[in-house]
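Peer 1: Prediction below, plus the sequence it came from.
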Amino acid sequence: MTQPARKVRVRFAPSPTGPLHIGGVRTALYNYLFARQHGGELVFRIEDTDSTRFVPGAEEYIIEAFRWLGIEFDEGVSFGGAHGPYRQSERRDIYRRYMRQLLDEGKAYIAFDTPEELEVRRKETENFQYDAHTRNSMRNSLTLPAEEAERLVAEGAQYVVRFKIEPDQDITVHDLIRGDVHVNSSVLDDKVLYKSADDLPTYHLANIVDDHLMQISHVIRGEEWLPSAPLHVLLYRAFGWEDSMPAFAHLPLLLKPDGKGKLSKRDGDRLGFPVFPLEWKDPATGAVSSGYRESGYLPAAVINFLALLGWNPGDDEEILSLEALVDKFDITKCSRSGAKFDYVKGQWFNREYLQRTPDAALAPAFDAVLRENGIEAPMERVEAVVGMMKMKKISFIRELWPLCDFFFISPQTYTTEDKFVRKNWKAETAGEMRTLAALLKDVSPFDVENLRQAVDTWTETSGVKPWNAWRVCLVGTGKGPDMYELAAFLGKAETLSRMERAIQALSEGQA
Ligand code: GLU
């Protein structure tokens, strides 16, 4: 990894237009890893200059998502810092000043064309582009007499400020992932930088001004922003900020798990996986979209899964903690082609992380599942069950319930319709279970060691193999943990009562 020469300052700059897409989470994560590994800083900026797309609650949602994931910002909205305010809607004066500068220097101009007028031109000319070839035939401060343009502005006519792009200039975007990307300025149109209607800059102007003022050294963002980068380079030039222009890194797209194309919310709905970090309730429609948190993912598993979508450490190591990722991540080794969103792999990561998480840390989540099923149990018992059962190939804590219900509810019915019961309950079984019950009555304390010793001694002398039938008594079928652990958990009274009921139902009841 080569060490960047300047102080590393990166930013994650979402627009609050809804819940944060999982691709945005990966972008933030890569920024975080890059900042941490270079002893740099990560800024959280809210790009809310498009007031028509503002969604209430989105900003809070994004902050909460990163809190859950453990991605920490050094500066920004809700975190403070020396370069604030960090919400673009609170920086209007700053943008106005820079917009003025471009106008005064003749690098931008005011355009009065109405949407209807522009529509007419688009209909007349195929692939119409507002640029060096066409701007002279439009209604703007370059074509109108100066007094008229001034009068229009003074009268409150609506206008936009456009960037005056000089044709036929070579532009090079230095991208840490893609190498040098060359573009000729003639393909670009005179982008709108500012709109008088809401007195706000567009994304392009605000983004560049802020990256400059916030001393951003590296712009790490999704591939969908690559087409904007040449324009951004020209803006840096226009302001004379080339020397402090950040390096770019455009991350590969996240692709559908199956087939081609960009991962979308519909893929998640269709295949049954979340595309948002947290559950989101659309304030306008009330529609609820699932989230990784509510679906039972551990934050560390989500981080590990996302980190490897578009980058890998170059060896077979897959389980990487956040610290290990900070150590190994290399932005220059990110892939250029899209990364398939293998959500099944995400579930695998969760299984791996469940098994590595202490029982006590998982117990509250299982306690919540138990409560949903009407069970209230002391936390140490919940924890004990998690400990006995979490290795059973589950990917989510909620999958424990059908595997574990018998710990808390004695079997409702005993039936030979169950294959395991039929196979293990023979004519002599009731007698054997009676002998076993009599033996267990004297075990004290009723713990795993004593149980093992008592039962082993008996089976050695008698040759009886009681475990499967005993399991039938305590569970009602062929599932569950080690029998001694189960009996010890249930305690003597419950163990004996389940055995009695099973004997009744399966042998004596039938007679
Ligand atoms: N506001 C843009 C977004 O929503 C930021 C793009 C950038 O990072 O420059 O992703």
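Peer 2: Structure's in. What do you need? Not measured: the values here are computed from a predicted model.

Peer 1: So which elements touch the helix or strand hosting residue 32?
Peer 2: Taking DSSP states H and E as the criterion, residue 32 maps to helix 22-37. On a contact count with 3 or more C-beta pairs under 8 Å, 6 or more residues apart in numbering; DSSP states H and E, helix 22-37 meets strand 9-12, strand 41-44, helix 58-69, strand 218-222, strand 247-251, strand 254-255, helix 299-307, helix 322-328. Any C-beta I mention is one placed from the backbone N, CA and C, and that applies to glycine too.

Peer 1: so which of the ones you listed gets nearest residue 495?
Peer 2: helix 299-307 (36.5 Å; C-beta to C-beta).

Peer 1: who touches the residue of the stretch 251-400 of the chain at minimum distance from the ligand in this structure?
Peer 2: Residue nearest to the ligand within the stretch 251-400 of the chain: residue 251 (10.2 Å; C-beta to the nearest ligand atom). Residues in contact with residue 251 (C-beta atoms under 8 Å, 6 or more residues apart in numbering) are 26-27, 30, 177, 220-223, 310, 334.

Peer 1: Distance-wise, check it relative to residue 288.
Peer 2: 29 Å (C-beta to C-beta, to the nearest Å).

Peer 1: And for the residue of the stretch 401-511 of the chain found nearest the ligand, the neighbour number?
Peer 2: Closest contact between the stretch 401-511 of the chain and the ligand, by C-beta to the nearest ligand atom, is at residue 401 (39.2 Å). Using other C-beta atoms under 10 Å, residue 401 has 16 other residues around it.

Peer 1: buried residues in the helix or strand harbouring it?
Peer 2: Assessed by DSSP H and E, residue 401 sits inside helix 400-408. Across helix 400-408, burial judged by 16 or more other C-beta atoms under 10 Å covers 400-401, 403-408.

Peer 1: Before we move on, what's the pLDDT of the residue of the stretch 251-400 of the chain closest to the ligand?
Peer 2: As predicted, residue 251 sits at a pLDDT of 98.

Peer 1: which residues pair with it across the strands?
Peer 2: When bridges are called by DSSP bridges, residue 251 pairs up with residue 222.

Peer 1: tell me which strands and helices the helix holding residue 401 is in contact with?
Peer 2: helix 359-372, helix 379-389, helix 483-490.

Peer 1: from the chain's centre, how far out does it sit?
Peer 2: The chain centroid and the centroid of helix 400-408 are separated by 30 Å, computed with C-alpha atoms, centre = their mean, to the nearest Å.

Peer 1: again with stretch 129-147
Peer 2: 46 Å.

Peer 1: And it, what's buried?
Peer 2: 129-132, 135, 138-141, 144.

Peer 1: what residues does that stretch touch?
Peer 2: Taking C-beta under 8 Å, 6+ apart as the rule, stretch 129-147 contacts 109-113, 117-118, 121, 125, 128, 149, 152, 162, 164-167, 186, 188-190.

Peer 1: Next step: those residues restricted to helices.
Peer 2: Among the contacts of stretch 129-147, the members found in helices (DSSP state H) are 117-118, 121, 149, 152.

Peer 1: In space, what's closest to the residue in the stretch 151-300 of the chain positioned nearest to the ligand - neighbours in sequence excluded?
Peer 2: When scored by C-beta to the nearest ligand atom, the stretch 151-300 of the chain has residue 221 as its residue closest to the ligand, at 3.5 Å. In space, and not counting its chain neighbours, residue 221 is closest to residue 27: 5.8 Å by C-beta to C-beta, 6 or more residues apart in numbering.

Peer 1: what about the protein, any weak spots by pLDDT?
Peer 2: 1-4, 509-511 (pLDDT under 70).

Peer 1: if you set the cut-off to 80 instead, what comes out?
Peer 2: 1-5, 259, 391-392, 508-511 (pLDDT under 80).

Peer 1: Other residues contacting the one helix or strand residue 238 maps to?
Peer 2: Using DSSP H and E, residue 238 sits in helix 229-239. With C-beta under 8 Å, 6+ apart as the test, helix 229-239 has contacts from 98, 101-102, 105, 107, 163, 165, 169, 171-173, 175, 181, 183, 185, 188, 191, 204-205, 207-208, 212, 242, 245, 248, 250.

Peer 1: Give me every residue in the stretch 1-150 of the chain lying close to the ligand.
Peer 2: 13-15, 47 (C-beta under 6 Å from any ligand atom).

Peer 1: repeat that for 8 Å
Peer 2: Counting by C-beta under 8 Å from any ligand atom, the residues of the stretch 1-150 of the chain lying close to the ligand are 11-15, 17, 24, 27, 47.

Peer 1: follow-up on the earlier one: for residue 307, see how far away the residue nearest to residue 221 is.
Peer 2: 12 Å.

Peer 1: burial of residue 197, as a residue count?
Peer 2: 9.

Peer 1: I misspoke; the intended subject was residue 164.
Peer 2: The burial count for residue 164: 19, using other C-beta under 10 Å.

Peer 1: Quick check: it vs residue 393, distance?
Peer 2: Distance from residue 164 to residue 393, by C-beta to C-beta: 63 Å.

Peer 1: Equivalent analysis for residue 309, please.
Peer 2: Residue 309 is 24 Å from residue 393, by C-beta to C-beta.

Peer 1: hmm, stretch 192-209 touching the ligand?
Peer 2: Yes. Interface with the ligand: stretch 192-209 contributes 203, 207 (C-beta under 8 Å from any ligand atom).

Peer 1: Use 33 as the first number for this chain going forward.
Peer 2: OK, 33 is where the count begins now, so the last one is stretch 224-241.

Peer 1: in that stretch, what's buried?
Peer 2: 224-227, 232-241.

Peer 1: just stretch 456-471 next, same as before
Peer 2: 456-457, 461-462, 464-465, 468-469.

Peer 1: Residue 359 versus residue 283, what's the distance?
Peer 2: Distance from residue 283 to residue 359, by C-beta to C-beta: 20 Å.

Peer 1: Show me what from the stretch 233-382 of the chain comes close to the ligand.
Peer 2: 235, 239, 243, 251-254, 256-257, 260.

Peer 1: Pick out whichever of the ones in helices among the contacts of stretch 161-179 sits closest to residue 476.
Peer 2: residue 150 (89.6 Å).

Peer 1: since we're on that closest one, how many residues are nearby?
Peer 2: Using other C-beta under 10 Å, residue 150 has 15 neighbouring residues.

Peer 1: Quick check: phi and psi on the closest residue in space to it that isn't next to it in sequence?
Peer 2: Closest residue to residue 150 apart from its sequence neighbours, by C-beta to C-beta, 6+ apart: residue 162 at 7.7 Å. Torsion angles at residue 162 (phi, psi; degrees, to the nearest 10) stand at phi -80, psi 100.

Peer 1: cool, and the one 10 residues further on?
Peer 2: Phi and psi for residue 172, reported as degrees, to the nearest 10, are phi -150, psi 180.

Peer 1: Is it bridged to anything, and to what?
Peer 2: Counting by DSSP bridges, the residues bridging with residue 172 are residue 143.

Peer 1: Next one: it from the ligand, what distance?
Peer 2: 27 Å (C-beta to the nearest ligand atom, to the nearest Å).

Peer 1: do the same with residue 119
Peer 2: Counting by C-beta to the nearest ligand atom, the gap from residue 119 to the ligand is 12 Å.

Peer 1: Wait, that residue touches residue 78, no?
Peer 2: Yes. Counting by C-beta atoms under 8 Å, residue 119 does reach residue 78; the two are 4.5 Å apart.

Peer 1: before we move on, back to that, what about residue 341 and residue 425, which has more around it?
Peer 2: Using other C-beta under 10 Å, the more surrounded residue of residue 341 and residue 425 is residue 341, with 24 against 9.

Peer 1: Which strand residues bridge the residue lying closest to the more buried one once chain neighbours are set aside?
Peer 2: Counting by C-beta to C-beta, 6+ apart, residue 371 is the residue found nearest to residue 341 once chain neighbours are left out, at 4.3 Å. Beta-bridge partners for residue 371, by DSSP bridges, are residue 286.
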